[in-house]
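1. A structural model of the following input is requested.
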Amino acid sequence: MFSLFYGLWKYMFSKTEFHVLILGIDKAGKTTLLEKLKSLYSNTEGLPPDRIVPTVGLNIGRMEAANAKLVFWDLGGQIGLRTIWEKYYEEAHALIFIIDASSPSSFEDAKSALEKVLRHEDLRGAPLLILANKQDLPGAISAEELTRYLDLKELDERVHMFQAVSAYDGMGIKFGIDWLVEVMERSKRTETLRIRGGAAGHM
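-> Predicted coordinates:
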């Protein structure tokens, strides 16, 4: 009997583990964001920005934030690497798409990459946090301006938020992550993935 109650207690109070994809085109600041998340939410000091090199493949960060266990997958953004993204869609609870808000010349590429991501069936219902990054640089546009520029029809059906951040100095990041955890906890997609995971565990 004890083991039954203990199992129930553990289930009720153990933290849910969420898988979050960090996507964006190259040089948007994905790995800088991951390293800043490490220094904000775990006891490890992230790499300094001047030591970060372009990601070829995958960087993984595990941490606890807003009373949830988070696993971040930072995927390389060069055109030749974007085909790898799809392999991770099915298991993702949510998505962070990061855009260099100080580089208008990259907006068109970022927009088309994000549109392709949002159309993919395997990401149906996944909450989306769009980060207008590099707010520490002169000329960076605001989250509101980026919203207007992107004008994404695909967002109509999806829980999403635009947030101005600086992955370099950490501005705005905690607010965005807290929002993301809150919406993941209420997301139908989370429930679907939990049921699917439970079914897989019983096979």
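2. got the phi and psi for the most centrally placed residue in the chain?
-> Nearest to the mean C-alpha position of the chain, by CA atoms, centre = their mean, lies residue 96 at 2.8 Å. Backbone dihedrals for residue 96, given as degrees, to the nearest 10, come out at phi -110, psi 130.
3. give the contact list for it.
-> 20, 21, 22, 23, 33, 72, 128, 129, 130, 131, 176, 180 (CB atoms under 8 Å, 6 or more residues apart in numbering). For every residue, glycine as well, the C-beta is placed using N, CA and C.
4. and the second one, that's in a strand?
-> Yes: the assignment for residue 21 (DSSP: H, G, I helix; E, B strand; the rest coil) places it in a strand.
5. mind checking pLDDT for residue 141?
-> We note a pLDDT of 97 for residue 141 in this prediction.
6. that one contacts residue 132, correct?
-> Yes: applying CB atoms under 8 Å as the test, residue 141 and residue 132 come out as touching, 6.7 Å apart.
7. compare these two (neighbour count), which wins?
-> Per other CB atoms under 10 Å, whichever of residue 141 and residue 132 has more neighbours is residue 132, with 26 against 20.
8. phi first, then psi, for the more buried one.
-> According to degrees, to the nearest 10, residue 132 has phi -90, psi 90.
9. contacting residues around the closest residue to it other than its chain neighbours?
-> Distances taken as CB to CB, 6 or more residues apart in numbering place residue 101 nearest to residue 132, at 3.9 Å, with adjacent residues excluded. Counting by CB under 8 Å, 6+ apart, residue 101 makes contact with 132, 133, 134, 135, 140, 141, 142, 143, 146, 164.
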